[in-house]
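Visitor: missing the sequence, but the structure's below:
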């Protein structure tokens, strides 16, 4: 097994002052679809930007994409109230979608035919400034 691919996501903004370090949980579809679309698109862009930073190094190591049945782990470092389990899954959805062929192409699809069930973790941090998301992909 090779070293895992780690994408460390930063803060995402949809406008000058509307910024987040952790994705929303839009699983229950609250709010206008335009707001959900804007945020999901912004998070997909962040995944793409972090992939572009490490892509050359990863591919030079001999890894070929799309990956075959990689284990994907989402770790949310969150201050304050923690997500419940389905909230973690909802917050990770745009991030998982960004990894597919419709996004950066690390995986073919996010169905069980192509990946085992992702792992969702959360760690409590002391300050909002320390909030972040890390995606680890193990081949």
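Guide: Nice, I can see it. Treat the numbers as computed from the prediction; the structure is a model and nothing was measured.

Visitor: Wasn't residue 56 part of a helix?
Guide: Yes: assessed with DSSP: H, G, I helix; E, B strand; the rest coil, residue 56 lies in a helix.

Visitor: which residues of this protein fall in helices?
Guide: In the chain, the helices defined using DSSP state H lie at 33-60, 85-98.

Visitor: Put together CSV for the ones you listed, with mean pLDDT and distance to residue 111 on each row.
Guide: C-beta coordinates here come from the backbone N, C-alpha and C atoms, glycine included. Below are the helices of the chain laid out as CSV (pLDDT from 0 to 100; distance: least, CB to CB, whole Å):
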stretch, mean pLDDT, distance to residue 111
helix 33-60, 94, 18
helix 85-98, 93, 11
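
Visitor: Kindly present these as CSV, with separate columns for distance to residue 74.
Guide: Shown next, in CSV, are the helices of the chain (distance: least, CB to CB, whole Å):
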stretch, distance to residue 74
helix 33-60, 11
helix 85-98, 4
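
Visitor: want to throw those into a markdown table with mean neighbour count and distance to residue 107?
Guide: Converted to a markdown table, the helices of the chain look like this (neighbours: other CB atoms under 10 Å; distance: least, CB to CB, whole Å):
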| stretch | mean neighbour count | distance to residue 107 |
| --- | --- | --- |
| helix 33-60 | 15 | 12 |
| helix 85-98 | 19 | 9 |
